[in-house]
Structure formats: C-alpha cells, structure tokens
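Visitor: what shape does this take:
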Amino acid sequence: MQKKSLQYLLMAALLAGTVASNASDDTELAQSILEKADRIRFPPESFQVDVSINTTTPDQQADLRKYRVLSKGNENSVVLTTEPASERGQILLMKGRDLWVFLPDISQPVRLSMSQRLTGQVANGDLARANFAGDYNATVLRTETIDNDKYYVLELTGVDRSVTYHRVLYWVRQSNFWPYRAEFYSLSNRLLKTSRYENFQTLLGKERPTRLVMEDALRKGEQSVLEYSDMKLRDLPDKVFTKDYLKRIE
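Guide: Numbers count the residues shown, from 1 in each chain. Reported below is the predicted structural model:
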C-alpha cells in the first residue's frame, strides 16, 4: 500500500509539472503574439506621429481634434494638442504609469488617470501608451475564423489598476499578427467600447493600421475615429519628458 501511495504521489507530481509547463508555454505564446501585434501598430524605436480624432454623436455636430504624440518605449510619451486653437498648448506627459496634464494658464501640472476620457471615446491612455504588452498579461482564450482568416483571441488582464482598461479582448490575425479588433471592459466586467483597426498602409517599412474606430458599447451611434499620419522616427532624449523641457517641444 505504501508503495502504491508513493507511485500515485509521483504520478500526481509529474502531472502537475506537465500542467505547469504547458501553462507557462501558453503564457509565453500569448505574450509573444501581443508583442508582435504591438510592433505592427507602432515601431519599437522613439517616434512621432500626428493623430486626428473625429467624434460623432447622434444629433450633434462632429468634433475634430488633433494631437502630436512623441513616444519613447512604453514608459515615456508626450501628447501635444494642436487643434482646436483654443486648446493649443495643452500637453499630456506620461512617465512610467504617472500621467499629468500641463495647461498654459495653470502653473502646476494636474495629475490624471490613464482611464480618464481625453475626447469622445478616447481615453488618455489610448494616446499616451504605445503598446499593450507593458500593461497587460495575456492568455490565448480561443481561435476564430472570420472571412476565411484565422485569428487568435487574446484575453488581456491589467497588471494593476493604473492601466487604461481592466480587461481587453483582442483579435490578432494568425498569419501576420495584424491587430483586427478589441473589446474594452471595466473593473466590473462591463463592456465599455469596441475598436476596429483599419486602413493598413506602409509606415516606416511596415504595414500598420492608420485608422482606429472606437465605438461606445452603451450609447449607440457614438464613435471616435482616430487617423494616424506623418509617422517618423525621432531621437527623443530623456530630457524631452520633463516639465522644464515641455515648452520647448515642437
């Protein structure tokens, strides 16, 4: 009996080790997919890109805003408001997961959260953060076939509460790791909005989505369309991402 018990314990230990190894492999696969999709969206090097955001709601006039984003890795970014003219000079500064807004008529910066709305369906973190991999732990939830293309469906869980969304479902094409769509959920697991990645064009030597359509999941007909243009690599020393340097940025 003691010998059989020992055998059972050994088998259980081996099975547990196999399960743990498979889980580790699955996690590595999911994170690798996420990182590759991130590199499709934006280059890993320091870069600059102009973003226009056109927000439409039923029975209201469309609202157009324009921004210039300077990004270095996933830890440092500056978002400059260029239009409308009345808001020109407003600057978002992100360092790590700390985010501030600098206003021309206020001497001290104001602390903001990533999830706070910037304009329309767009949260601060949607512009300030260049990728998902640094903010979320990924697992492969399932695979799907859509219009004869196969997709990974990733479940992304925020590494902490400072990230823009608590949970994200993310569709990534298997053949080339192009992002396809995403669903964004609140802490209570309520669907907040959806997004579609469209109009892939060659930017900095890689096919990248130049249009992101974000739709409110709770209010039908409300959406923001982000158009990306003039993407280019730019040398951005660390001093760019400091309060004293902000007024000199162009």
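
Visitor: what segments of this protein are helices?
Guide: 2-41, 124-128 (DSSP state H).

Visitor: C-alpha coordinates for the shortest one, PDB please?
Guide: It refers to helix 124-128. Provided in PDB are the C-alpha atoms of helix 124-128 (Å, rounded to 0.1, in the frame of the first residue of the first chain):
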ATOM      1  CA  ASN A 124      -5.800  59.400 -22.100                       C
ATOM      2  CA  GLY A 125      -4.100  56.000 -22.200                       C
ATOM      3  CA  ASP A 126      -5.300  55.300 -25.700                       C
ATOM      4  CA  LEU A 127      -2.900  58.000 -26.900                       C
ATOM      5  CA  ALA A 128      -0.300  58.100 -24.200                       C
END
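
Visitor: Glu215 - how many residues pack around it?
Guide: In terms of burial, Glu215 registers 16 neighbours under the definition other Cβ atoms under 10 Å. Where you see a C-beta, it was placed from the backbone N, CA and C, and this is true even at glycine.

Visitor: buried ones in stretch 104-117?
Guide: Across stretch 104-117, burial judged by 16 or more other Cβ atoms under 10 Å covers 109, 112, 114-115.

Visitor: likewise for stretch 220-239?
Guide: Using 16+ other Cβ under 10 Å as the test for burial, stretch 220-239 gives 222-226, 228, 231, 236.

Visitor: end-to-end on it?
Guide: Chord length of stretch 220-239, first to last residue, is 43 Å (Cα to Cα, to the nearest Å).

Visitor: could you tell me the least trusted of the helices of the chain?
Guide: For the helices of the chain, mean pLDDT drops lowest on helix 2-41, to a mean of 72.

Visitor: just grab the bridge partners of Trp100 for me.
Guide: Trp100 forms beta bridges with Leu93, Arg111, as assigned by DSSP bridges.

Visitor: and it, how many neighbours does it have?
Guide: 16.

Visitor: what does Asp59 give?
Guide: Counted with other Cβ under 10 Å, residues neighbouring Asp59 total 5.

Visitor: what mean pLDDT does stretch 167-177 have?
Guide: 97.

Visitor: hmm, I was thinking of stretch 50-69
Guide: The pLDDT scores in stretch 50-69 average 94.

Visitor: check the offset of that stretch from the chain's centre.
Guide: 19 Å (Cα atoms, centre = their mean, to the nearest Å).

Visitor: first vs last residue of it, how far apart are they?
Guide: Taking Cα to Cα as the criterion, the two ends of stretch 50-69 lie 6 Å apart.

Visitor: same check, this time on stretch 120-131
Guide: Where stretch 120-131 begins and where it ends lie 21 Å apart, using Cα to Cα.

Visitor: contact partners of it?
Guide: With contacts defined as Cβ atoms under 8 Å, 6 or more residues apart in numbering, stretch 120-131 is touched by 35, 38, 41-42, 51, 53, 55, 63, 67, 69, 71, 73-74, 77, 79, 92, 94, 99, 112-118, 135, 163-165, 193, 214-216, 222-224, 226.

Visitor: ok, stretch 147-161 next?
Guide: Identification of contacts with stretch 147-161 by Cβ under 8 Å, 6+ apart yields 30, 33-34, 97, 132, 135-145, 165-175, 180, 187.

Visitor: next one: stretch 224-241 to chain centre, how far?
Guide: 15 Å.

Visitor: what do you get for stretch 214-222?
Guide: The answer for stretch 214-222 is 19 Å, by Cα atoms, centre = their mean.

Visitor: pull the number of nearby residues for Gln48.
Guide: 16.

Visitor: follow-up on the earlier one: taking the buried residues of stretch 104-117, tell me the two that lie furthest apart.
Guide: Farthest apart among the buried residues of stretch 104-117 by Cβ to Cβ are Pro109 and Ser115. That separation is 18.2 Å.
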